[in-house]
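> Give the three-dimensional model of this entry:
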Amino acid sequence: MRIAIITENFLPKLDGVTRTLARLLEHLQANGHHALLLGPESGMAEYAGAQVVGTAGLPFPFYPELKFNFFRPLFVRRLSEFRPDVIHLVDPVILGASGLAAARFFNTPIVSSYHTNLAAYCEHFGFSLLTVPMLVYNRFMHNQCNLTFCPSRSTATMLRKQGFENLRIWPRGVDATLFRPERRSADLRADWLKGRSEPDQKVILLYVGRISWEKNLQLLMQAYREMDHSRCHLVMVGDGPAHAEIQQALADVPVTFTGYLTGQELATAYASADVFAFPSYTETFGQVVLEAMASGLPVVGLQAEGVRDLVEHEQTGLLLDAQDLAHEQQVLAYREHLTRLTLEQQTRHMMSDAALTEAHRHTWHEAMEQLVQGYRDVVDEARLRSDSLITTAA
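Model prediction:
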């Protein structure tokens, strides 16, 4: 098949969306498909055999790492030359709207994938007046497509309640050859602790992700400040707009900030920790949660969309149901979860084994083949409609 992907977000930006798209392009190349990617300027002309064509854009006011990307006339020429069997819109906003029009012009089947809850981000960043319009716009865009793929059942349930149609699950996978407990490093643990104690005398609490307020990091910060720091140490992997502010706020407690890590460095960081602390409630899947589980880490998170599809409370981690709790109660309950896994070594080990078993059920090949089957389905349906029209006309 020939697949054209139009995305608002791509490498070199590192997040769950861009990493998933990179995996998709690699899968398409390995299985004999041809791909074209149209998106923001990336500095690349090709990735995994796919031609990459970029464009300029303006940053979102509430999420500057995402942009309003402009559809270039060159995109139309590339689509015409490529002659795709299907067009895939990734988190369609501005560029996606133009892609939708182009698909209609070329009479090409079209699918979309939902990755980011932009309506929730509007609320979180203080643009609450945009929350409902963003939801309405997102629903309109996705409902124009033959299929909308979302990464988890909880996200699909939420979207269905909000009027999204033609939903199908496109799950995610994990590279178990990269993310595995055997990468645990005593040297890295010692470096994190900087000689303050022996590498195995403290429980390492790990956060991996964007260091930004929409990840609900205030909850983790406040819970950790009130813990016994002679028993635990927090490591935060990632970067983002709140990095300097959070670093300053935690200056008087033991914390290690590593910045962005990728590849084997990231895998070693996961495996060298003991508990994965992930307070976010805006995830549609939680790729970092799956990577942590594949590294043998129990998860302390929230009963929230995406995360609860991966983590089973009291089995592979501890999940806080924060829906009806005041903020002070949330901090207390989250601290209690972190403290429990800090003190209960046997519980940590039991949950570590269960997390590892669960993570191994999620493979990238199976996840990508579910998406490819969706491509095939909409292409076959379009051909059947075309054949029916020809027969009727005859």
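> rest of the way, CA atoms for contacts and neighbours
Fine.
> Which strands or helices does the helix or strand containing E366 pack on?
Assigned by DSSP states H and E, E366 belongs to helix 364-393. Applying 3 or more Cα pairs under 8 Å, 6 or more residues apart in numbering; DSSP states H and E, one finds that helix 364-393 contacts helix 16-30, strand 86-90, strand 110-113, strand 147-150.
> What mean pLDDT does stretch 48-58 get?
Averaged over stretch 48-58, pLDDT sits at 91.
> So for it, what gets flagged as buried?
Within stretch 48-58, the residues that count as buried by 16 or more other Cα atoms under 10 Å are A48, G49, A50, Q51, V52, V53, G54, T55, G57.
> Next: stretch 123-140.
Going by 16+ other Cα under 10 Å, stretch 123-140 has these buried residues: E123, H124, L130, T131, M134, L135, N138, R139.
> With stretch 350-368 instead?
The neighbour-count check on stretch 350-368 (16+ other Cα under 10 Å) flags M351, S352, D353, A354, A355, L356, E358, A359, H362, W364, A367, M368 as buried.
> could you dump the residues you listed to TSV with secondary structure?
Converted to TSV, the buried residues of stretch 350-368 look like this (DSSP: H, G, I helix; E, B strand; the rest coil):
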residue	secondary structure
M351	helix
S352	helix
D353	helix
A354	helix
A355	helix
L356	helix
E358	helix
A359	helix
H362	coil
W364	helix
A367	helix
M368	helix
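> How much space separates Y114 from A367?
15 Å (Cα to Cα, to the nearest Å).
> what's the answer for E8, then?
Relative to A367, and taking Cα to Cα, E8 is found at 22 Å.
> can you count the residues close to D91?
If you count neighbours by other Cα atoms under 10 Å, D91 ends up with 23.
> Which residue is the nearest non-sequential neighbour of it?
Distances taken as Cα to Cα, 6 or more residues apart in numbering place Y114 nearest to D91, at 5.3 Å, with adjacent residues excluded.
> Quick check, that neighbour in contact with F149.
Yes: assessed by Cα atoms under 8 Å, Y114 is found in contact with F149 at 6.1 Å.
> ok so, going back, now, the buried residues of stretch 48-58 that are in strands?
A50, Q51, V52, V53, G54, T55, G57 (DSSP state E).
> Kindly report the domain assignment for the protein.
Annotated domains of the chain cover 2-173+363-393, 181-359 [automatic domain parsing].
> end-to-end on the shortest one?
With Cα to Cα as the measure, the first residue of domain 181-359 is 12 Å from its last.
> distance between it and the chain's centre?
Remark: domain 181-359 is offset 17 Å from the chain centroid, using Cα atoms, centre = their mean, to the nearest Å.
> same question for that domain, mean pLDDT?
The model assigns domain 181-359 a mean pLDDT of 94.
> Please enumerate residues in contact with the host helix or strand of T157?
Element membership of T157 [criterion: DSSP H and E] is helix 153-161. For helix 153-161, the surrounding residues in contact (Cα atoms under 8 Å, 6 or more residues apart in numbering) are C150, L167, R168, I169, T284, F285, E305, G306, R308, D309.
> what do you get if the cut-off is 7 Å, keeping everything else the same?
Applying Cα atoms under 7 Å, 6 or more residues apart in numbering, the set of residues contacting helix 153-161 from outside is C150, L167, I169, T284, E305, G306, D309.
> taking the residues you listed one by one, which sit in strands?
Among the contacts of helix 153-161, the ones falling in strands (DSSP E) are C150, L167, I169.
> what's near enough to touch the nearest residue to L25 once chain neighbours are set aside?
Spatial nearest neighbour of L25, excluding adjacent residues (Cα to Cα, 6+ apart): A48 at 5.9 Å. Contacts were defined as Cα under 7 Å, 6+ apart; by that measure A48 touches L25, E26, Q29.
> cool, W364 as well?
Residues near W364 by Cα under 7 Å, 6+ apart: R172, G173, V174.
> just V17 next, same as before
Neighbour list for V17: H115 [criterion: Cα under 7 Å, 6+ apart].
> got a pLDDT number for it?
For V17, pLDDT reads 89.
> Now do the helices in the stretch 101-250 of the chain.
118-124, 131-143, 153-161, 186-193, 217-225, 243-249 (DSSP state H, counting those that start in this stretch).
> returning to that earlier point: so the residue nearest to D91 touches L147, yeah?
No: counting by Cα atoms under 7 Å, Y114 does not reach L147; the two are 10.6 Å apart.
> Where does the prediction get shaky in the stretch 1-150 of the chain?
By pLDDT under 70, the low-scoring segments of the stretch 1-150 of the chain are 60-66, 124-125.
> Next one: Q315 from V300, what distance?
11 Å.
> do the same with T258
From T258 to V300 the distance is 20 Å (Cα to Cα).
> So between those two, which is more surrounded?
Per other Cα under 10 Å, whichever of T258 and V300 has more neighbours is V300, with 25 against 15.
> what residues are up against that one?
So V300 contacts F276, A277, F278, G317, L318, L319, H337, L338 (Cα under 7 Å, 6+ apart).
> Could you export the helices of the stretch 101-250 of the chain as CSV, including distance to M1?
Output for the helices of the stretch 101-250 of the chain, formatted as CSV (distance: least, Cα to Cα, whole Å):
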stretch, distance to M1
helix 118-124, 31
helix 131-143, 22
helix 153-161, 27
helix 186-193, 45
helix 217-225, 42
helix 243-249, 43
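> T108: which of those helices is closest?
helix 131-143 (15.5 Å; Cα to Cα).
> contact partners of the closest one?
Residues contacting helix 131-143 (Cα under 7 Å, 6+ apart): P92, S112, L118, A119, A120, C122, E123, T148, F164, E165.
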